[in-house]
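> fold the following.
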Amino acid sequence: MISITTSTNKKVYFASDQHLGAPTAALSLPREKKFVSWLTEIKDSAEAIFLMGDLFDFWFEYKTVVPKGFVRVLGKLAEISDAGIPIYFFVGNHDLWMKNYFKEELNITVYHQPQEFLIDNKKFLIGHGDGLGPGDKGYKRMKKVFTFPLFKWMFQWLHPDLGVRLGQYMSVKNKMISGDEDAKFLGEDEEWLVQYCKRKLTQNHYDYFVFGHRHLPLEIKLQENSKYINLGDWIQYFTFGEFNSATFRLEKFN
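As a prediction, this is how the structure comes out:
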């Protein structure tokens, strides 16, 4: 378990689901600039930054090629990382084919599964959130196909111009991948991530469960000292999480 202790006046920040590149590069550009502005604003006060997945609407790393674009956000992440501020990235269902580019180029640690962190003596379970909990069987089957080594090997033999175009088309059009149809609160009993968190609490205590994926800013009290947080998105809500050594808050960037 990684332990983080915040310095005086420092905070830990969390953001998810920017979906840069969707629905087109031109329409995505204002969101990218806004997200970069947020990164610039929090840089001086950040002890650490957690990016919780689906930063890109589609991402695939060939051996020598990554998708074109996103230079503003990648440059800002490099600047922050070079300044010694740790950034932790959790792949989402749209960028699950991320390999070692972020680690090698940006010195950003990449996780493919939820991880435990101890932040100022508060225990966090952190992840993107896709495929967790009961239900969602169609997506879980699809994810197994997309992450199957033979499928990834076959896809990488497509020319990048074709592979990236195909991936972008599927990412935007397929509701099972994008999750757009789920972007409304279903009630605690029907929220799969809430059920997942409650089940995890029967095994271990966590002060905070922090996830993305649902595109809804949510704060749900699970027990007296345990809370589920969903970070929302940077498409409609422009929300982010802020932990200041004692309190976790959802904030909106204007």
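> now do the strands in the stretch 101-250 of the chain.
Counting by DSSP state E, counting those that start in this stretch, the stretch 101-250 of the chain has these strands, from start to end: 109-111, 115-119, 122-126, 208-211, 217-223, 226-231, 239-243, 248-252.
> mind putting those strands into JSON lines with mean neighbour count and distance to residue 12?
Where you see a C-beta, it was placed from the backbone N, CA and C, and this is true even at glycine. Compiled in JSON lines, those are given as follows (neighbours: other Cβ atoms under 10 Å; distance: least, Cβ to Cβ, whole Å):
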{"stretch": "strand 109-111", "mean neighbour count": "16", "distance to residue 12": "15"}
{"stretch": "strand 115-119", "mean neighbour count": "17", "distance to residue 12": "6"}
{"stretch": "strand 122-126", "mean neighbour count": "21", "distance to residue 12": "9"}
{"stretch": "strand 208-211", "mean neighbour count": "26", "distance to residue 12": "10"}
{"stretch": "strand 217-223", "mean neighbour count": "15", "distance to residue 12": "16"}
{"stretch": "strand 226-231", "mean neighbour count": "23", "distance to residue 12": "12"}
{"stretch": "strand 239-243", "mean neighbour count": "22", "distance to residue 12": "4"}
{"stretch": "strand 248-252", "mean neighbour count": "14", "distance to residue 12": "9"}
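> can I get the ones you listed in CSV including mean pLDDT?
Below are those laid out as CSV (pLDDT from 0 to 100):
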stretch, mean pLDDT
strand 109-111, 96
strand 115-119, 97
strand 122-126, 97
strand 208-211, 98
strand 217-223, 96
strand 226-231, 97
strand 239-243, 98
strand 248-252, 97
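> can you add distance to residue 37 and give these back as a markdown table?
Output for these, formatted as a markdown table (distance: least, Cβ to Cβ, whole Å):
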| stretch | distance to residue 37 |
| --- | --- |
| strand 109-111 | 24 |
| strand 115-119 | 25 |
| strand 122-126 | 24 |
| strand 208-211 | 23 |
| strand 217-223 | 19 |
| strand 226-231 | 18 |
| strand 239-243 | 12 |
| strand 248-252 | 13 |
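> closest one to residue 29 among those?
strand 239-243 (19.8 Å; Cβ to Cβ).
> pull the CA atoms of that closest one into CSV?
Backbone C-alpha positions of strand 239-243 (Å, rounded to 0.1, in the frame of the first residue of the first chain) are rendered in CSV as follows:
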residue,chain,number,x,y,z
THR,A,239,-16.0,18.2,-11.2
PHE,A,240,-13.0,17.0,-9.3
GLY,A,241,-12.1,15.6,-5.8
GLU,A,242,-10.0,17.5,-3.3
PHE,A,243,-8.6,15.9,-0.1
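> what does that strand contact?
By Cβ atoms under 8 Å, 6 or more residues apart in numbering, the list of residues contacting strand 239-243 from outside reads 6, 11-15, 38, 50, 119-120, 122, 208, 210, 217, 229, 231-233, 248-253.
> quick check: angle from it to strand 115-119?
Taking axes from the mean of the first three to the mean of the last three Cα atoms, to 10 degrees, one finds that strand 239-243 is oriented at 50 degrees with respect to strand 115-119.
> isn't residue 20 up against residue 30?
No: using Cβ atoms under 8 Å, residue 20 is not in contact with residue 30, being 10.8 Å away.
> more crowded one of these two?
Of the pair residue 20 and residue 30, residue 20 is the one with more neighbours under other Cβ atoms under 10 Å, namely 25 against 9.
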